[in-house]
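A.B. asks: got a structure for you, letters missing:
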């Protein structure tokens with residue numbers, strides 16, 4: 001389905017040129033799609049593609065030069081996209097199209113995307129195995145304001161929760177969460193098995209979170225107020241095969257098992273450029289609960305850094 005939609009987009013872009021508004025809606029069964037688009041300057045366009053099967057709701061509002069895709073299959077999925085920018089009027093630099101893509105399959109998934117500025121890109125891909133019954137789906141929220149911020153969320157199975165907020169320029173966030181519903185949900189975010197919060201402010205922050213299991217939490221807060229000076233030992237992220245991007249603060253979290261919690265807070269220092277690097281790897285093969293069902297985090301890591309620091313944490317708890 002994704003390949004068909006993307007090919008259709010390319011065909012529309014080539015054949016229509018600079019048409020101001022383009023909307024393509026394909027629905028089956030009982031779906032609701034609401035698309036509102038306004039192009040504020042000549043030669044700038046809006047593009048929206050909504051594909052729904054089942055009983056789902058989609059709401060798309062775009063002002064400026066934006067592109068959005070919503071693909072939903074199943075029941076009771078809800079997607080909302082609000083984009084304002086891409087027309088050079090936001091104050092964040094030269095006009096550049098903003099892009100949003102939301103794919104949801106299964107039942108009871110919620111996705112909300114709000115982007116203001118220029119050149120912000122977001123991607124949400126949610127898949128759950130709800131099957132029969134009122135099980136909880138996945139929930140994702142992305143809010144981006146500024147210039148050239150990138151955010152990608154992948155959530156598999158059900159009961160995953162993610163919230164990404166990025167303000168500033170050239171921040172990038174990657175989140176991958178997989179839950180298996182093998183234990184009772186006792187996550188600090190009620191009813192969810194996995195939770196991830198990412199807030200990045202300033203310029204050139206990078207975060208990458210991977211969680212695989214149940215009842216895990218990750219919180220990342222990064223503030224780089226100015227671009228990195230990047231010393232000779234700078235760590236660059238290779239994107240694709242040839243593009244090298246340099247980041248000011250970098251945070252990596254990998255958690256497997258159950259009941260792991262990671263908190264990272266990295267920021268600029270008044271006297272020293274940020275250049276912080278944090279890496280947390282935690283594995284817990286056995287979860288444990290108190291008698292009153294309160295959470296006992298088997299692995300716990302807290303990293304707070306100011307200015308050109310490196311922290312690497314590796315923790316493993318095996319079967320006892």
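C.D. replies: Received, thanks. Just so it is clear, the model here is predicted, and its values are computed rather than measured.
A.B. asks: Where does pLDDT dip in the stretch 101-250 of the chain?
C.D. replies: Low-confidence regions of the stretch 101-250 of the chain, defined by pLDDT under 70, span residues 130-134, 226-245.
A.B. asks: where along the stretch 201-320 of the chain do the strands fall?
C.D. replies: Using DSSP state E, counting those that start in this stretch, the strands of the stretch 201-320 of the chain run over residues 205-214, 216-224, 236-239, 243-246, 249-258, 260-267, 277-284, 288-289, 295-296, 299-306, 310-317.
A.B. asks: Kindly report the same for the stretch 1-150 of the chain.
C.D. replies: With DSSP E, counting those that start in this stretch, the ranges of strands along the stretch 1-150 of the chain come out as 21-29, 32-38, 46-64, 66-85, 98-107, 110-118, 121-127, 139-147, 150-156.
A.B. asks: gap between residue 123 and residue 225?
C.D. replies: According to Cβ to Cβ, to the nearest Å, residue 123 and residue 225 sit 27 Å apart. Every residue, glycine included, has its C-beta placed from N, CA and C.
A.B. asks: of these two, who's got more company?
C.D. replies: Neighbours were counted for residue 123 and for residue 225 using other Cβ atoms under 10 Å; residue 123 has more, 18 against 15.
A.B. asks: As CSV, the strands of the stretch 1-150 of the chain with distance to residue 181 would be great.
C.D. replies: Listed next are the strands of the stretch 1-150 of the chain as CSV, based on distance: least, Cβ to Cβ, whole Å:
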stretch, distance to residue 181
strand 21-29, 27
strand 32-38, 29
strand 46-64, 21
strand 66-85, 17
strand 98-107, 13
strand 110-118, 18
strand 121-127, 13
strand 139-147, 15
strand 150-156, 11
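A.B. asks: nearest to residue 174, of those?
C.D. replies: Across these, the minimum distance to residue 174, taken as Cβ to Cβ, is reached by strand 150-156, at 5.1 Å.
A.B. asks: Partner strands of the helix or strand following the closest one and their direction?
C.D. replies: Beyond strand 150-156 on the C-terminal side, the first helix or strand identified by DSSP states H and E is strand 160-169. Based on DSSP bridges, the strands next to strand 160-169 in the sheet, each with its direction, are strand 139-147 (parallel), strand 194-203 (parallel).
A.B. asks: if you skip the residues just before and after it, what's nearest to residue 282?
C.D. replies: Using Cβ to Cβ, 6 or more residues apart in numbering and skipping residues adjacent in sequence, the residue nearest residue 282 is residue 299, 3.8 Å away.
A.B. asks: What does the pLDDT read for the one you found?
C.D. replies: Note on residue 299: pLDDT of 84.
A.B. asks: ok, back up a step: to residue 166, which of the strands of the stretch 1-150 of the chain lies closest?
C.D. replies: The minimum distance between residue 166 and the strands of the stretch 1-150 of the chain falls on strand 139-147, with 4.8 Å, by Cβ to Cβ.
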